[in-house]
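K.L.:
Structure, please.
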Amino acid sequence: SVGAVSLKRLMGAGFWVGVVLIALAVAALLTQNIAFIGLGAVLFVIGLILVAPALVNPVARFFSNLLALVFARSGTAHLAQGNLTRQPSRAAITASTMLIGMSILILAASVVTSVTEGFGQVMRRSLGSDYIFVPPSIAAWGSNVGAGSELSDALRAVEGVEVVSALRFAPTQANGAAVSLLGIDPATYPQVSGLTFSEGDESAYDTLAQGRTAILSPAAAVSLGATIGDEVELMTPTGPQMYRVVGVGGDYLNAKITTVYISHDNIAADFNRTEDVLIQANLAPDADAVAAEAGMKDALRDFPQFQLIIGQEYIDQNMALFDTAFAALYALVIFLAVPSVIAMINTLAIGVLERTREIGMLRAVGSTRGQVRRIVLAEALILAALGTIFGIVAGLYLGYMGVAAMQAFGYPMDYVFPTTGVVIALVAGIVFGVLAAIIPARQASRLEIVQALRYE
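P.N.:
Okay, here's the model as predicted:
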């Protein structure tokens, strides 16, 4: 048949090169190697573009059948399918412009979803204490004025306060590289906060109290090339000291920082640091929160460098910042997809010009202006569906690559399927299809029958 011959023609060298590239991309994904996955992302997108012309006919037929349910009895959906499949290469090129825009959208959605989920878990774990006493500058600990043990002791003395734990800071070098050194109390720190471990588990806290041992943040582990059991050399005021790595884990405040965690005892003995730069506290289950909060504020009067924050409120504020930033990112990415609308308008307008006589014949045999408009609308929706589906598939691969890259650099997250992003992409595809059809559909429906029949 003509369709079979046409499909056989489309499944030429380009199609099979595309198939091979997609297969290589899938194989790269299975290696879990970020370098191979990055290369695979490029191969995957190129492969999709190469196989797209051969997929136009079956995909267009599928979506035309769906549209036939909407445009019942008018036959416009099948006419639209026939118009597109006459020039599958042109349709594939147009769909490819939307593929790029939608794949960027899904890439962003994958990273956003994974970052929000991953950092949300880390945030709730490390900042989940009832109260946090924060200095003016978070994470840039060296610029803050700390407090002696008097503040922590005063907080512990407040009625209703069950446990208090603090971070202590010292700048140092590990294996010759600058790192942020934080001292934690292995006994109390897990009660008010906690590290999210990528290697090892919470038993590392107990080990931290035994000799010169350290927990590396994921960023530090990547930077230093160290893992559990390795030794890192920390530069102290009295010379280098070797610390054995007993875990790899990080918290929200230091997620982007090359950080090494050691015990309070070791940071005092080797680095002469006893100042608290951040304090966390939990109340007893039966405590009077109002009275306890008043007592803690009273204890803070002599330490204006600290601000009392309720833990859950701090988490909510940070999550709100995530939501605001990511909403702006979604808007930007959707704007980047606008060129695909222009490409569809161009393709549809060219199609209307090429089929001027055909449209005139349809009008001559009784087709209404509304039916002609629906034919062009159906074409636009099928084109949008082609680009959106291909874009979602490519974007899922790119999204996985993006999350894997962030994991490789030490960011604490797992890949989360971007359900919201996929829904946004589908809705955006429909909206773009409708918008792209407005001008060409108006152009087609306004053709005069006699002039259209005379068109050469």
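
K.L.:
where's A269 relative to F303, distance?
P.N.:
Plainly put, A269 is 25 Å away from F303 if you go by CB to CB, to the nearest Å. Bear in mind the C-beta positions are built from the backbone N, C-alpha and C, glycine included.

K.L.:
just L234 next, same as before
P.N.:
Using CB to CB, one gets 29 Å for the distance from L234 to F303.

K.L.:
Give me the more crowded residue out of A269 and F303.
P.N.:
Neighbours were counted for A269 and for F303 using other CB atoms under 10 Å; F303 has more, 19 against 15.

K.L.:
What residues does I37 make contact with?
P.N.:
Applying CB atoms under 8 Å, 6 or more residues apart in numbering to I37 gives the contacts A28, L29, T31, Y400, M401, A404, A405.

K.L.:
Check whether the fourth one really touches Y415, as I assumed.
P.N.:
Yes - taking CB atoms under 8 Å as the definition, Y400 is a contact partner of Y415 at 5.5 Å.

K.L.:
got any residues that touch both of those two?
P.N.:
Both Y400 and Y415 are in contact with S110, where contact means CB under 8 Å, 6+ apart.

K.L.:
top strand in the protein by residue count?
P.N.:
Secondary structure assigned by DSSP state E gives strand 161-174 as the longest strand of the chain.

K.L.:
just to revisit the earlier point, please spell out the PyMOL selection for the buried subset of the contacts of I37.
P.N.:
The PyMOL selection below is limited to those of the contacts of I37 classed as buried (16 or more other CB atoms under 10 Å):
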select buried, resi 28+29+400+401+404+405
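
K.L.:
from the contacts of I37, which two are the most distant?
P.N.:
Maximum pairwise distance in these, criterion CB to CB, is 14.1 Å, between T31 and A405.

K.L.:
In helices, which of the contacts of I37 fall?
P.N.:
Residues from these lying in helices, with DSSP state H as the criterion: A28, L29, T31, Y400, M401, A404, A405.

K.L.:
would TSV of those with pLDDT and distance to V115 be doable?
P.N.:
Formatted as TSV, the entries for the ones in helices among the contacts of I37 read as follows, by pLDDT from 0 to 100; distance: CB to CB, whole Å:
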residue	pLDDT	distance to V115
A28	84	23
L29	78	20
T31	79	24
Y400	86	14
M401	84	14
A404	81	13
A405	79	12
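
K.L.:
Between these, which sits nearest A140?
P.N.:
Nearest to A140 among those, counting by CB to CB, is A405 at 25.7 Å.

K.L.:
Can you show me the strands along the stretch 101-250 of the chain?
P.N.:
Remark: strands of the stretch 101-250 of the chain, listed N- to C-terminal, are 131-134, 161-174, 177-184, 196-199, 213-216, 231-236, 239-250; assignment by DSSP state E, counting those that start in this stretch.

K.L.:
most neighbours per residue, which of these?
P.N.:
Per-stretch averages of neighbours, counted by mean count of other CB atoms under 10 Å, single out strand 213-216 among the strands of the stretch 101-250 of the chain, with a mean of 27.

K.L.:
how far out from the middle of the chain is that strand?
P.N.:
The chain centre lies 29 Å from the centre of strand 213-216; the measure is CA atoms, centre = their mean, to the nearest Å.

K.L.:
Nearest the geometric middle of the chain, what residue?
P.N.:
With the centre of the chain defined as its mean C-alpha position, the nearest residue by CA atoms, centre = their mean is V111, 1.0 Å away.

K.L.:
hang on, that residue packs against Y400?
P.N.:
No - taking CB under 8 Å as the definition, V111 is not a contact partner of Y400, at 9.9 Å.

K.L.:
quick one on the thing from earlier: is it possible to export the contacts of I37 to a markdown table including distance to P135?
P.N.:
Shown next, in a markdown table, are the contacts of I37 (distance: CB to CB, whole Å):
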| residue | distance to P135 |
| --- | --- |
| A28 | 45 |
| L29 | 44 |
| T31 | 44 |
| Y400 | 38 |
| M401 | 38 |
| A404 | 35 |
| A405 | 32 |
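
K.L.:
Summarise which helices and strands the longest strand of the chain is packed against.
P.N.:
Other helices and strands packing on strand 161-174, by 3 or more CB pairs under 8 Å, 6 or more residues apart in numbering; DSSP states H and E, are helix 149-156, strand 177-184, helix 189-192, strand 231-236, helix 264-271, strand 278-283, helix 289-299.

K.L.:
buried ones in the helix or strand following the last one?
P.N.:
If I follow you right, that is helix 289-299. Next in sequence after helix 289-299, counting helices and strands by DSSP states H and E, comes strand 307-310. For strand 307-310, burial by neighbour count (16+ other CB under 10 Å) applies to L308.

K.L.:
ok, and what's touching stretch 171-179?
P.N.:
Stretch 171-179 is touched from outside by 142, 180-181, 220, 223-224, 226, 232-236, 258-260, 271, with contacts defined as CB under 8 Å, 6+ apart.

K.L.:
buried residues in the helix or strand encompassing V372?
P.N.:
Assessed by DSSP H and E, V372 sits inside helix 369-408. Taking 16+ other CB under 10 Å as the neighbour-count basis, helix 369-408 is seen to contain the buried residues 371-408.

K.L.:
and if you look at stretch 294-304?
P.N.:
Of the residues in stretch 294-304, those scored as buried under the neighbour-count criterion (16+ other CB under 10 Å) are G295, M296, A299, L300, F303.

K.L.:
how close does the spatially closest residue to M242 that is not a sequence neighbour get to M98?
P.N.:
By the measure of CB to CB, 6 or more residues apart in numbering, the closest residue to M242 outside its immediate chain neighbours is E231, 4.8 Å from it. Using CB to CB, E231 is found at 54 Å from M98.

K.L.:
now swap in G40 and tell me
P.N.:
In this structure, G40 and M98 are separated by 22 Å, where distance is defined by CB to CB.

K.L.:
So if I had to pick from the two, which one is more boxed in?
P.N.:
Counting neighbours by other CB under 10 Å for G40 and for M98 shows that M98 has the greater number, 30 against 26.

K.L.:
Identify the residue spatially nearest to the more buried one, adjacent ones excluded.
P.N.:
Setting aside the residues directly before and after it, M98 is nearest to G387 in space (CB to CB, 6+ apart), at 2.5 Å.
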